[in-house]
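Visitor: Fold the following.
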Amino acid sequence: MSSFRNPSAKKLQKHEKREILGVSFRPENFIPGLIIGFICGFFLDLAKPAKSPSGRKIGSSPTSKNHQQPRIASTNNDEELKMVLVVRQDLKMGSGKIASQCAHAATGMYADLVHSNKSLLRQWELCGQAKIVVTCKNQQEMNKIKDAAESIGIPTFTVADAGRTQVSAGSKTVLAVGPGYKSAVDSVTGKLRLL
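Guide: Sure thing, here's the model as predicted:
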């Protein structure tokens with residue numbers, strides 16, 4: 001008889017567990033819990049340091065190899081942020097092409113910062129999203145500027161042209177430096193000539 005009691009006792013225990021789980025997963029309990037969980041998760045996501053899809057730490061330069069935090073701290077709390085767009089002179093691009101490439105650089109940087117450093121992006125937005133356009137001589141000078149910016153943690157974004165119009169495919173046309181505090185960005189780009 002004990003062999004008959006065990007199987008039925010096990011079935012009864014399984015049936016009781018199903019009833020308990022069935023009660024807790026009713027739609028009137030599940031849906032509000034799901035909504036509350038989503039809202040809590042959203043706020044927790046905003047509060048914690050996030051990583052971009054490529055695994056970069058927050059604040060790291062989107063193209064940086066050394067993954068340093070950006071130098072956005074300033075001794076002057078009133079200092080504003082800006083972005084400098086560095087255009088290569090040797091490519092002899094027309095004004096429309098330059099405008100288009102600068103737009104690519106600014107939106108590319110913005111898209112990277114949405115994933116890597118939302119707080120820096122918000123600060124820059126509050127400062128009016130200042131953008132300054134300057135020139136450099138060639139690719140070598142652009143590379144030096146990029147390396148100098150990344151070495152102090154300023155984010156950079158380089159535009160590689162598709163090659164459909166004035167320049168050959170893959171040409172590096174514009175480098176976005178920043179956003180970052182004016183003093184930090186100027187330490188890298190301050191000697192470049194305005195376009």
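Visitor: how deep is G180 tucked in, by neighbour count?
Guide: 29 (other C-beta atoms under 10 Å). All C-beta spots, glycine's among them, are computed from the backbone N, C-alpha and C.
Visitor: partners of it in the sheet?
Guide: K82 (DSSP bridges).
Visitor: Quick check, it in contact with K82.
Guide: Yes - contact criterion C-beta atoms under 8 Å: G180 and K82 qualify, at 7.5 Å.
Visitor: got a pLDDT number for Q123?
Guide: Q123 is assigned 92 on the pLDDT scale.
Visitor: what's the burial count for A103?
Guide: A103: 14 neighbours (other C-beta under 10 Å).
Visitor: Kindly report the same for K191.
Guide: Residues near K191, counting by other C-beta under 10 Å: 8.
Visitor: what do you get for P179?
Guide: Number of residues near P179 (other C-beta under 10 Å) recorded here: 31.
Visitor: G37 too?
Guide: There are 10 residues near G37, going by other C-beta under 10 Å.
Visitor: Just the pLDDT for it.
Guide: pLDDT, G37: 71.
Visitor: show me what contacts the closest residue to K137 other than its chain neighbours?
Guide: Leaving aside its chain neighbours, K137 sits nearest to Q89 (5.8 Å; criterion: C-beta to C-beta, 6 or more residues apart in numbering). Taking C-beta atoms under 8 Å, 6 or more residues apart in numbering, we find Q89 in contact with T135, C136, K137, N138.
Visitor: got the phi/psi numbers for the third one?
Guide: By that I understand K137. phi -70, psi -50 (degrees, to the nearest 10).
Visitor: From what I see, V185 and E79 are in contact.
Guide: No - using C-beta under 8 Å, V185 is not in contact with E79, being 10.5 Å away.
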